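Enquirer: can you look at this prediction? I've put the sequence above it.
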Amino acid sequence: MDPAAAFQELAAAHEDFETEPYDLSAQMPTFGWPTIVISGGRDLITPRAVAEEIVALIPDSVLVDLPTAGHSVIDARERAALDIVEAVYDGDISPLPTRGKELDAVPASLGIRLLVGALGAAAIVESALPAAIPRAIRRVTS
């Protein structure tokens with residue numbers, strides 16, 4: 001279940017792909033707008049080292065660590081993402097790096113919480129099935 005492996009397979013399937021015509025890394029030092037880089041501690045797509053590299057390249061950018069977040073903060077931590085956007089609107093992003101744990105603790109929406117609960121319940125049921133299936137098959141065939 002390693003997303004990096006899946007992306008690598010996908011990329012290999014497109015042998016005719018040419019690199020992007022724009023060197024984003026070379027342009028980052030010229031950015032003149034507030035930039036917040038969010039790093040999820042459970043992000044399997046973009047490692048923290050990449051986030052740190054981006055912050056090092058962009059002047060006056062800040063890094064916000066969300067220790068238990070994954071890759072898509074907007075999808076799973078929409079309230080935290082909105083709080084970060086609010087700091088941009090307020091014109092002061094400097095306190096954001098110290099608010100990482102606080103923002104990480106903001107609960108997800110009810111829909112996301114229900115989805116996580118349903119996935120957890122499905123995993124428990126699935127883990128019990130291998131032991132239950134042979135017993136059920138023996139009863140039917142006996």
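Expert: Sure thing, it's come through.
Enquirer: residue ranges with poor pLDDT in the protein?
Expert: Scanning the chain for pLDDT under 70 picks out the ranges 1-4, 17, 19-20, 130-142.
Enquirer: give me the domain ranges for it.
Expert: Following automatic domain parsing, the chain resolves into domains at 3-108, 109-142.
Enquirer: need the winner for burial among those domains.
Expert: Of all the domains of the chain, domain 3-108 has the most neighbours on average by mean count of other C-beta atoms under 10 Å, namely a mean of 14. Every residue, glycine included, has its C-beta placed from N, CA and C.
Enquirer: middle-most residue in the protein, spatially?
Expert: Among the residues of the chain, residue 71 comes closest to the average C-alpha position under C-alpha atoms, centre = their mean, at 1.2 Å.
Enquirer: for that residue, grab phi and psi.
Expert: phi -80, psi -40 (degrees, to the nearest 10).
Enquirer: give the other helices and strands that the particular helix or strand that has residue 27 in it contacts.
Expert: Under the criterion of DSSP states H and E, residue 27 resides in helix 24-27. Here helix 24-27 is seen to pack against no other helix or strand when contacts are counted using 3 or more C-beta pairs under 8 Å, 6 or more residues apart in numbering; DSSP states H and E.
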